[in-house]
Structure formats: structure tokens, C-alpha cells
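S.K.: Got a predicted model here, sequence first, then my questions.
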Amino acid sequence: MKLRQLFYILAVLGVACSSKESATPEWPWTDPENQGEEQTTDPNPAVIEKGWTNVSSAYSSLPEGIQVYKSPSAIDGVKTVAYIAVADLSRITWDVWSIDDPSTQGTDQTLKIPSEVYETTSAPVLVNGGYFFSEGGKRYNASVAVSNGKVYGVNLNYASQDWVTYYYPTRGVFYEKAGKLSAGWTYYTSSGQHYLYGIPADNAWDKAPAQAPDASFPETAATFEATTAIGAGPVLVHGGEVVNSWKAELFYGDGSDDKMPEARHPRTAIGCTSSRLILFVCEGRGMTEGVAGLTTGEVASVMKSLGCREALNLDGGGSSCLLVGGKSTIKESDGHQRAVGSVIMLKTK
């Protein structure tokens with residue numbers, strides 16, 4: 001358990017576990033400053049008003065209903081290289097590829113780089129998904145993953161710093177049910193109950209653990225059910241308000257000053273407006289000179305500024321990768337795509 005928990009802590013800090021299964025494909029970046037031209041009439045004018053540039057013309061064969069934008073060179077004074085894919089939900093749907101580990105017992109299935117998922121799906125847009133780790137020759141999901149109603153992964157349900165005191169935090173999920181997109185917090189019990197909450201359990205490393213979540217704590221629970229879902233965390237925006245619940249979700253390290261959510265790193269996120277699904281990725285760790293990345297709080301602010309009423313932080317660091325038409329947008333901080341446990345895809349309806 002200790003080794004497994006160690007891998008988990010590495011994952012939830014937003015840097016994920018690197019894997020020896022990662023491949024190193026050719027990396028034919030073009031200059032991000034020259035990808036496409038701004039359109040005079042844009043289907044997402046609110047995005048343009050925020051200083052983003054439509055670069056969809058740089059990517060061939062994008063279906064109607066998907067637009068790709070590059071960030072301004074700085075966001076709130078922070079030098080930034082970021083991209084978003086904006087999907088019209090009347091034309092576009094989303095799906096998840098994942099290793100099959102529905103009860104955190106591990107699988108012999110291999111992790112995949114996003115390009116491998118693209119090769120088998122031809123999905124016009126793909127982005128890395130939730131947390132994962134490898135141990136003892138097996139691969140483990142550390143986040144919810146649901147496709148076509150089938151559960152492939154759940155959020156891990158415990159955390160500890162000293163292997164003596166254990167916490168049982170609720171963790172974030174972004175999901176679709178009955179055609180509605182939402183974010184929330186889940187808990188998977190040892191007896192196999194899967195609960196969904198509209199608020200997180202009140203946990204923090206500097207106080208005693210809250211009780212284990214159940215049907216009535218931290219509030220009256222719903223049974224978690226979804227057509228499509230991806231977990232990770234923290235929840236960034238809920239009900240139109242920035243929440244950035246990394247403290248309650250225990251998404252930081254062992255009491256050190258460098259709390260990963262408050263440090264700048266490559267980040268990935270998913271969110272929605274009333275009619276659009278937005279996939280976000282930002283570069284970091286100096287892959288472009290002077291670009292460190294963003295904090296989770298900064299990503300939350302960006303997602304809200306784009307009109308998101310719900311948004312979730314996904315795996316980040318070396319896992320952050322957004323492919324459009326099979327082409328990388330950012331420069332991945334490992335120097336190549338990392339093999340991951342889940343991938344989000346956009347598809348035409």
C-alpha cells in the first residue's frame with residue numbers, strides 16, 4: 001500500500017507518473033506564433049474578445065463545430081502558450097479512451113500516448129485525461145473514466161503523509177448524464193458504492209481527517225452515474241463560480257512550501273459553457289523561453305473568463321498534450337508525448 005500511495009501522490013501533484021512505455025514520435029512543431037490567422041467572423045466571439053486567436057486554419061480536416069484558438073502571449077501578465085479546442089455541443093460530442101481498471105486492482109493493458117489513440121480513432125481533437133500510475137508490472141487508473149456508460153476507472157479514495165493517519169477525500173469529476181455536462185466530487189467506497197456530491201468533503205493536511213464520505217456526508221449523495229466522464233482534480237469552476245478545491249481534495253504534497261497547485265506547470269483542463277465544451281492545455285517548464293506554465297488558480301480564472309460554468313483540472317506536467325488533426329499544439333515538457341492512462345476525444349455526432 002505504501003508504494004502504491006507514493007505513486008498516487010506523485011500523480012495527484014499534477015505531474016503524473018512518467019512511464020517507460022512512452023514512445024518518442026517525430027515532433028513537427030511549427031512556430032506557434034504563426035499558426036493560422038484570426039477570422040473576421042468567428043463562431044465564438046467571446047473567445048476572440050478575450051484576446052485568443054482562431055488558428056483552426058492551421059489544422060486540416062477539422063469538422064464543423066470545432067474551433068481551435070491560441071492564447072494571447074500573456075494572460076494577466078503571465079507569459080503564456082496555451083490552446084483551447086471549442087466544440088459546439090449541437091454538433092460535437094466527446095468520449096474517453098481508458099485502460100480498464102474499474103476497481104483500482106490494476107490491469108495488464110498498456111498505457112498509450114495520445115498519438116496512438118489518434119491512430120485508432122482518427123478523432124479530430126484529443127487531450128490527455130486523468131491521473132494514473134504503474135506498479136509491480138500493472139497499470140492503475142487513479143481517476144474516474146467512463147465511456148458509453150461503462151466504468152473504466154474511479155477516483156482513488158484515500159491519502160496519507162505518514163502511513164499512519166489516513167484521509168478519505170472526495171475528488172473531482174467532469175461528467176455527462178442525460179445530455180447535461182457537470183462537475184462534482186466523487187467517493188468510491190470499499191463496498192463498491194460510488195457517490196457523487198455537489199460539495200467536497202472538508203479536508204486539509206493541517207487538520208484531523210474528516211469522516212469517510214457516505215450517503216449523507218459531506219451532503220446527501222447521489223449515486224454516481226454517467227454516460228461519459230473523466231476524473232482528476234481539483235474542480236476549478238462549479239455553478240459558474242471559481243472553487244479551485246485543491247486543499248479539500250488534498251492535491252498537494254507533504255507539507256512542503258512548494259504546493260504544486262500554486263506553482264506554475266503545464267496544465268490540462270476540461271470545461272463547459274451552456275452550449276460549448278472547452279478543452280484547455282498550456283505549455284510550461286521553459287519549453288518555450290520564459291513560459292513556466294500556470295497555477296490551478298490561474299487556469300480556473302482562464303476557464304471562467306471563457307464562459308465556463310463547470311471546469312475540472314486534468315493531469316498535467318509531462319502528461320499535458322493536445323492533438324488537433326494528430327498534430328501537437330504545445331511542446332510537451334518531457335520532450336515527447338507521455339504514455340497515459342486515459343484520453344479525451346472530440347467526435348462528430
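M.R.: That came through fine. Numbering: from 1, shown residues only.

S.K.: Where do the helices of this structure begin and end?
M.R.: Residue ranges of the helices in the chain, as given by DSSP state H, are 2-10, 45-49, 114-121, 296-305.

S.K.: Most tightly packed of these?
M.R.: Highest mean neighbour count among those (mean count of other CB atoms under 10 Å): helix 296-305, with a mean of 22. C-beta coordinates here come from the backbone N, C-alpha and C atoms, glycine included.

S.K.: So what touches that helix?
M.R.: 14, 50, 75-76, 78, 82, 234, 236-237, 240-244, 246, 251, 261-262, 264, 267, 269, 271, 278, 280, 282, 294, 311, 313 (CB atoms under 8 Å, 6 or more residues apart in numbering).

S.K.: Please list only the buried members of those residues.
M.R.: Taking 16 or more other CB atoms under 10 Å as the criterion, what is buried in these is 14, 50, 75, 82, 234, 236-237, 242-244, 246, 251, 261, 264, 267, 269, 271, 278, 280, 282, 294, 311, 313.

S.K.: Mind checking which of the residues you listed land in strands?
M.R.: Judged by DSSP state E, strands contain the following of these: 75, 82, 236-237, 242, 267, 269, 271, 278, 280, 282, 311, 313.

S.K.: Distance to Ala221 and pLDDT added to the residues you listed, as JSON lines?
M.R.: JSON lines is the format used below for these (distance: CB to CB, whole Å; pLDDT from 0 to 100):
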{"residue": "Ile75", "distance to Ala221": "37", "pLDDT": "98"}
{"residue": "Ala82", "distance to Ala221": "35", "pLDDT": "98"}
{"residue": "Leu236", "distance to Ala221": "22", "pLDDT": "98"}
{"residue": "Val237", "distance to Ala221": "21", "pLDDT": "98"}
{"residue": "Val242", "distance to Ala221": "24", "pLDDT": "98"}
{"residue": "Arg267", "distance to Ala221": "29", "pLDDT": "98"}
{"residue": "Ala269", "distance to Ala221": "25", "pLDDT": "99"}
{"residue": "Gly271", "distance to Ala221": "24", "pLDDT": "98"}
{"residue": "Ile278", "distance to Ala221": "28", "pLDDT": "99"}
{"residue": "Phe280", "distance to Ala221": "29", "pLDDT": "99"}
{"residue": "Cys282", "distance to Ala221": "33", "pLDDT": "98"}
{"residue": "Ala311", "distance to Ala221": "22", "pLDDT": "99"}
{"residue": "Asn313", "distance to Ala221": "22", "pLDDT": "98"}
